[in-house]
Structures are given as C-alpha cells and as structure tokens.
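Student: Let me see the structure of the following:
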Amino acid sequence: MANWGNLKHSLSSRTKKTNLYYMVSTTILCSLFYLIGIWQHGGGNTTTTTIGIACNPINITSSKTHHHPLGGGGALDFDPHHTAEDLVKVAEVERVSQFPSCSLKFSEYTPCHDEKRSLPFPREKLVYRERHCPEKGEVLKCRIPAPFGYRAPFRWPESRDNVWYANVPHKHLTVEKAGQNWIRFEGDRFSFPGGGTMFPRGADAYIDDIGRLINLNDGSIRTAIDTGCGVASWGAYLLSRNILPMSFAPKDTHEAQVQFALERGVPASIGIMASTRLPYASRAFDMAHCSRCLIPWGQYDGLYLIEVDRILRPGGYWVLSGPPINWESRSKGWQRTRQDLKAEQDAIEDMAKSLCWKKIGQREDIAVWQKPTNHIHCKLNRVVFKKPPICENQDPDRAWNTNMEACLTPLPKASDIKEVAGGKLSNWPERLTAVPPRISSGSIDGITAELYEKDKDLWKKRISYYKKIDFHLAESGRYRNLLDMNAYLGGFAAALIDDPVWVMNIVPVEAKLNTLGVVYERGLIGTYHNWCEAMSTYPRTYDFIHSDSVFSLYQDRCEMKDILLEMDRVLRPQGSVIFRDDVDNLVNVKSIVDRLQWESRLVDHENGPHVREKILIATKQYWTAPASIQDQDGSTKTSS
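Tutor: Numbering: from 1, shown residues only. Okay, the predicted model is just below:
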C-alpha cells in the first residue's frame with residue numbers, strides 16, 4: 001500500500017508540473033501574438049474590439065473605425081465583405097491598349113454579306129448572295145463606328161412609323177419606291193406609311209384581306225415568316241395582332257431594307273432563298289408569306305416551296321400575293337404575257353398539290369394554301385406524284401450550312417388521319433407556357449416536362465434579378481430589339497413577354513441539344529448561328545444582348561475578342577449586355593470590354609457570392625464617326 005501511495009503522489013506531482021508548463025506556454029504565446037498585433041496595426045489611435053478565443057478574452061486592435069466582422073457584443077457577421085468586382089485585377093497595360101476605330105466606310109459593314117467577297121461565287125440560284133464570311137486572317141480587329149449624328153431610335157410603337165435619317169442615311173428607296181408608299185423622307189427622319197407593292201391601301205388593310213381567308217384572331221397563328229420582306233411593313237403591322245414575324249431580305253440594290261426594318265423595331269435579318277436551307281428548325285412557323293418577293297417558286301423542281309414546307313408546322317399556311325396571282329387582271333401592269341403568267345401559276349399550283357397542300361382560296365391578288373396536318377395520305381399519293389420523293393435519313397432540323405434538297409421532309413408519324421403530326425400546339429398565349437410537344441413526346445434527350453417547368457421558374461427569378469442590377473432593363477421602353485446568344489428553351493425571352501420587346505433567340509450550332517424547335521413551339525422566334533462567325537445583320541441592330549455561358553461553350557473554338565468585337569458591331573451605342581458565365585471567363589471578358597471602352601461591372605450570382613458563376617453588366621458608350629458631309633444619295637464622306 002505504501003508503494004501504491006508513493007506512486008500516486010509521484011504521478012500527481014508530474015501532472016501538476018505539466019499543467020503549469022502548458023499554462024505558462026499558452027500565456028507567453030498569447031502575449032506574443034498580442035504584441036505582434038499591436039506592432040502590425042501601428043500602435044495608437046485604434047479601436048478596441050473584444051473577441052473570445054481559447055485563452056481568456058483579450059483585446060485585439062484594428063486600424064479601421066468600423067466594427068470588426070467578428071466583433072460587436074459577440075455577434076458573428078456572416079455577410080460577404082468582398083464583391084465580385086474585387087476578383088477583377090486588370091493589368092494597366094490592358095487598360096491602355098484599346099481597340100481602334102474602323103474607317104467610316106465600314107459603318108454599315110456586314111462581314112458575311114460583303115459585295116466584294118461575293119464576286120467569285122456562282123450567279124446560279126443567287127449563290128453569291130448567300131453567307132460568305134471572311135477567313136480568319138481577314139476579320140477586322142477594330143470597332144465599327146456609328147454614322148455622325150446617330151441618335152437613339154424612337155421608342156416603340158412610335159419607331160414602327162419613324163426612323164432618324166442620321167441612323168440610316170440612304171434616300172435610294174424614297175426615289176425607287178416613291179409610288180408605292182413604302183417610305184418617305186421628311187426633314188430629319190424617314191416615315192413609313194405602311195404601304196407596299198401589293199398593298200397600296202396599307203399593310204393593315206392588306207392583313208385584313210388575308211384575315212378573310214384564314215383566321216388571324218384566335219391565337220392559332222403566332223409565328224410568321226416573311227420572305228423578301230422589303231422594309232418589313234407587313235411584319236410591323238402583324239405585331240399589333242399578337243403575331244410575331246421573322247422577316248428577311250437579301251442585301252441587294254434596294255439598299256438598307258433590313259436595316260430600316262430593324263431601326264423600326266421589327267424582327268429581321270439579311271437572308272435569301274438560294275441553295276442552302278433557311279436557318280430555322282422544321283415545323284417552326286404557322287404562316288409563311290411572299291408579297292411580290294421575286295422568288296422563282298416554280299423553278300428548280302419546286303426547291304423553294306419544298307423549303308417552305310419544311311419550316312411550316314402541320315396545318316400551317318402559305319400566303320402568296322403578286323405575280324402570277326390574279327394574272328388575268330394584272331398582266332398588263334406587270335409587263336408580262338398572259339401565257340407566261342398562266343404557266344407560272346400552273347407550275348405553282350402543281351407543285352403545291354405534289355406537297356399535299358390544299359388551296360384554301362384566292363381573293364383578288366392574294367392566294368392561300370394550307371399544309372396537311374400529317375402525311376398519312378401524302379405518302380400514299382406518291383404513287384401519283386413521283387416528285388418530290390420523300391426524304392430518307394435526313395435530319396429536318398439540320399439547317400446551318402446545309403444544302404436544300406428536292407425531297408419532301410416527312411412529318412412525324414401519326415396513327416390517325418385527324419392527328420396532328422408531332423403534337424397539336426396550344427393557341428396563343430397559352431402556347432408560351434404549355435409544355436411544348438417536342439418535350440412532352442420525349443423528342444429531345446434529357447429534357448422532361450418537369451425540367452421545362454423548373455426552367456420557366458428559374459428565368460422568372462433571373463429576370464427579376466437582372467432588373468434589379470440593370471435599371472435600364474427595368475425601364476419599360478428603354479430597349480426594343482433584344483438578342484439572346486444562347487437561348488436553350490427560350491426562358492429568357494418568355495420571362496420578358498409582358499415588356500415591349502422582341503427577342504432573337506439564338507441556338508448555337510455547337511450547343512449540345514438542338515432546342516430551336518422548342519423555342520418556336522412556345523410562340524417565340526430565333527435562328528441557328530455559329531458565334532465564330534458574324535451575324536447576318538447590320539451594325540447597331542440590338543439594344544440589349546444576353547450572353548449565357550457563351551464563352552464556356554466556345555472556349556478553344558475561336559477567340560474571345562472576335563466574339564466580343566462582333567457583339568460590339570451589332571450593339572447600339574448606349575446598348576447593354578448581361579454576361580453570365582464562369583468567373584474566370586468573365587474576368588477575361590471584362591479585360592476586353594474595358595478595352596472596347598465599354599463601362600462594365602462584375603456582380604454576384606442571384607444565389608449569392610459563393611456561386612462560381614458570376615454576372616457582368618456592360619454598356620457600350622456613345623461615340624460616332626467624325627463629322628461628315630452627306631451626298632444626295634446618302635453616301636458619306638469624311639470631312640477634312
């Protein structure tokens with residue numbers, strides 16, 4: 001027992017000594033850290049904040065007068081104390097090195113529709129007027145100037161009828177189309193009375209005439225394509241009827257047609273029916289229209305009517321006015337023989353029958369055909385109509401740099417003659433929110449009805465956040481022409497449906513999923529595009545651009561600065577961009593847009609600062625070419 005007592009006493013003594021050593025060591029370390037803190041913060045004139053740590057509470061000094069984030073009566077502050085902007089450290093040399101301004105001669109430059117570049121290409125089928133883009137070494141590395149005196153466009157709906165002369169300084173159409181009531185020049189602006197070659201009483205009256213043949217009021221017709229649109233007055237007046245047009249015309253001798261349309265706030269692009277497919281999904285449009293559009297519908301084995309058939313939805317309509325319709329009364333005015341005009345109409349009628357279209361009716365200068373709702377009977381009548389054959393092993397939605405084929409695009413299978421192939425669309429406005437048939441049928445891998453509903457809610461939340469961080473977007477009427485560079489299911493455009501805007505929804509050809517058909521089934525419009533190339537549009541087309549993960553998608557495909565220079569080309573002075581992407585990409589984007597002399601700021605994701613994806617808001621500054629003198633034809637020469 002004595003031995004046990006001695007052992008217990010010895011262990012107790014050692015434990016006490018060990019605890020004493022720990023206490024002394026801890027006191028020395030705490031005192032040392034305290035003294036180091038005083039030395040680092042410069043000693044006096046400090047604010048004292050008490051922080052509880054492992055040892056007894058001690059005083060920590062701070063050189064700032066506000067409370068320490070961990071201080072204040074022991075309350076902890078978990079709010080972020082760094083912003084997304086703090087992540088950006090742009091080298092001073094990058095801030096100084098700016099992109100130069102291009103020459104004034106490039107103020108209306110359309111890289112893929114340049115007249116000089118088109119010269120070597122064939123005239124057959126007007127191939128030379130199609131897209132022919134610069135090679136990599138030919139791409140301009142400068143900023144496209146706005147013409148001197150450029151002004152912000154009129155706000156919609158006033159812009160439908162008025163465009164500033166300084167923005168599109170071309171009077172050619174006012175002379176060539178003087179008798180057709182297309183356009184007038186008055187003082188400092190152009191006005192658009194709504195007339196057209198085939199609607200001298202105005203576009204509204206002309207649309208009423210179409211409405212006597214088909215129902216334009218019940219919401220069954222929402223999307224319409226105007227081939228050879230002129231200044232797009234037909235599309236401009238459709239907008240007031242909740243019908244969304246997609247208009248196109250070639251860049252030709254009728255200078256600036258599409259440019260006028262875009263200045264008016266009407267959806268339009270440069271395009272032509274030549275040898276390649278139009279850049280739209282199959283079954284996209286409820287109605288297609290041609291008013292003396294000069295397209296040779298009866299030639300090339302009906303190739304162009306076959307392409308219209310591809311992009312028309314089942315049950316969709318084709319409207320034709322002008323030659324050869326009503327040739328019996330119009331032949332003298334068109335300076336063509338009655339036999340020639342009759343032969344042309346007969347060829348169109350025969351081709352329409354071979355496509356299984358039904359002629360709804362003809363009223364004076366307007367004729368309307370309807371596409372069948374399925375191809376059950378059409379496949380059977382191939383015994384009678386040998387041409388066009390039905391396409392085999394063809395992707396009907398493949399429409400970027402894809403040649404037209406003289407074969408009939410088959411509709412999705414239907415089990416009953418009354419069934420709408422591919423699924424019946426809801427009427428507008430229910431169409432916008434209803435589950436699109438391509439999703440409900442499972443046609444797009446991985447996209448379910450549940451995911452679609454979540455995407456709708458997500459974009460409502462995002463648009464609400466955008467309007468908080470960009471007050472211009474929240475200002476009704478501030479923007480009109482919008483571009484979504486990576487539209488996916490069209491959620492961005494759908495969430496803005498109550499604003500006075502239209503959105504061009506781009507589905508990049510490099511996107512994992514081809515969703516453009518879904519965009520159209522929602523009653524929205526858009527096109528395919530490759531962002532390594534320039535758009536088929538004029539400079540200063542868009543008031544606002546939305547770029548969602550574009551630079552992640554195009555990483556290692558083409559240069560970031562070339563995409564940003566193209567965005568600068570198509571964005572109006574004082575227009576804005578919202579980028580959302582990985583923070584590393586946005587830091588690089590910011591360094592370039594600063595050199596483009598845009599104002600920019602990086603902000604956190606709507607879900608907070610801990611999300612790696614960030615948002616960059618940028619605004620293009622107002623600047624124009626130097627003062628210039630205008631020739632009578634509207635061309636510009638820089639003054640000395």
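Student: C-alpha only now, for contacts and for neighbours.
Tutor: Will do.
Student: State which strand of the chain is the longest.
Tutor: strand 571-582 (DSSP state E).
Student: strands paired with that one, and their directions?
Tutor: When sheet partners are counted by DSSP bridges, strand 571-582 sits next to strand 542-548 (parallel), strand 613-620 (antiparallel).
Student: okay, those strands in CSV with mean pLDDT, mean neighbour count and distance to A224 next?
Tutor: Shown next, in CSV, are the strands paired with strand 571-582 (pLDDT from 0 to 100; neighbours: other C-alpha atoms under 10 Å; distance: least, C-alpha to C-alpha, whole Å):
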stretch, mean pLDDT, mean neighbour count, distance to A224
strand 542-548, 98, 23, 21
strand 613-620, 98, 22, 32
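Student: Minimum distance to V603: which of those has it?
Tutor: Evaluated with C-alpha to C-alpha, the strands paired with strand 571-582 place strand 613-620 nearest to V603, the distance being 5.3 Å.
Student: re earlier: could you dump the strands paired with strand 571-582 to a markdown table with distance to S233?
Tutor: Output for the strands paired with strand 571-582, formatted as a markdown table (distance: least, C-alpha to C-alpha, whole Å):
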| stretch | distance to S233 |
| --- | --- |
| strand 542-548 | 19 |
| strand 613-620 | 29 |
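Student: closest to R151 out of the ones you listed?
Tutor: R151 lies closest, by C-alpha to C-alpha, to one member of these: strand 542-548, at 12.5 Å.
Student: Residues touching the closest one, excluding its own?
Tutor: For strand 542-548, contacts defined as C-alpha atoms under 8 Å, 6 or more residues apart in numbering pick out 479-487, 570-572, 574-581.
Student: all helices for the stretch 401-550 of the chain, in order.
Tutor: In the stretch 401-550 of the chain, the helices defined using DSSP state H, counting those that start in this stretch lie at 430-433, 437-440, 449-469, 471-474, 491-495, 516-521, 550-553.
Student: The longest strand of the chain - what's its average pLDDT?
Tutor: Here strand 571-582 scores 98 as its mean pLDDT.
Student: low-scoring stretches of this structure, by residue?
Tutor: Residue ranges of the chain with pLDDT under 70: 1-97, 174-180, 253-255, 628-640.
Student: Apply 50 and report the result again.
Tutor: 1-11, 14-16, 41-78, 90-96, 629-640 (pLDDT under 50).
Student: Mean neighbour count, the helices of the stretch 401-550 of the chain: which tops it?
Tutor: Of the helices of the stretch 401-550 of the chain, the one with the most neighbours on average (mean count of other C-alpha atoms under 10 Å) is helix 516-521, at a mean of 26.
Student: Which secondary structure elements does it sit against?
Tutor: On a contact count with 3 or more C-alpha pairs under 8 Å, 6 or more residues apart in numbering; DSSP states H and E, helix 516-521 meets helix 437-440, strand 502-508, strand 526-529.
Student: where along the stretch 51-200 of the chain do the strands fall?
Tutor: 58-62, 162-164, 184-186, 189-191 (DSSP state E, counting those that start in this stretch).
Student: returning to that earlier point: so for C290, which of the strands paired with strand 571-582 sits nearest?
Tutor: Taking C-alpha to C-alpha, strand 542-548 is the member of the strands paired with strand 571-582 nearest to C290, at 25.8 Å.
Student: That closest one vs strand 502-508, what angle?
Tutor: 40 degrees (axes from the mean of the first three to the mean of the last three C-alpha atoms, to 10 degrees).
Student: Report the distance from strand 542-548 to the chain centre.
Tutor: 7 Å (C-alpha atoms, centre = their mean, to the nearest Å).
Student: now swap in stretch 467-474 and tell me
Tutor: Relative to its parent chain, stretch 467-474 has a centroid offset of 18 Å by C-alpha atoms, centre = their mean.
Student: how long is that stretch end to end?
Tutor: 5 Å (C-alpha to C-alpha, to the nearest Å).
Student: what's the answer for stretch 482-501, then?
Tutor: Distance between the two ends of stretch 482-501: 7 Å, counting by C-alpha to C-alpha.
Student: ok, and what's touching that stretch?
Tutor: Under the criterion C-alpha under 8 Å, 6+ apart, residues 156, 432, 452, 455-456, 459-460, 463, 476-477, 479-481, 502-508, 515-516, 518-519, 524, 542-550 lie in contact with stretch 482-501.
Student: could you measure V266 against L140, distance?
Tutor: Counting by C-alpha to C-alpha, the gap from V266 to L140 is 28 Å.
Student: Counting neighbours, go ahead and name the busier of the two.
Tutor: Neighbour count, other C-alpha atoms under 10 Å: between V266 and L140, V266 has more, with 30 against 15.
Student: Wait, a helix at the more buried one?
Tutor: No - per DSSP: H, G, I helix; E, B strand; the rest coil, V266 lies outside any helix segment and is coil.
Student: That one reaches W234, doesn't it?
Tutor: No - using C-alpha atoms under 8 Å, V266 is not in contact with W234, being 9.9 Å away.
Student: Not counting residues beside it along the chain, what's closest to D568?
Tutor: Take D568 and drop its neighbours on the chain: the residue closest to it by C-alpha to C-alpha, 6 or more residues apart in numbering is R143, 7.0 Å away.
Student: That neighbour: how many residues sit nearby?
Tutor: Around R143 there are 19 residues (other C-alpha under 10 Å).
Student: My understanding was that it contacts L571; is that so?
Tutor: No - R143 is beyond contact range of L571, at 11.0 Å (criterion: C-alpha under 8 Å).
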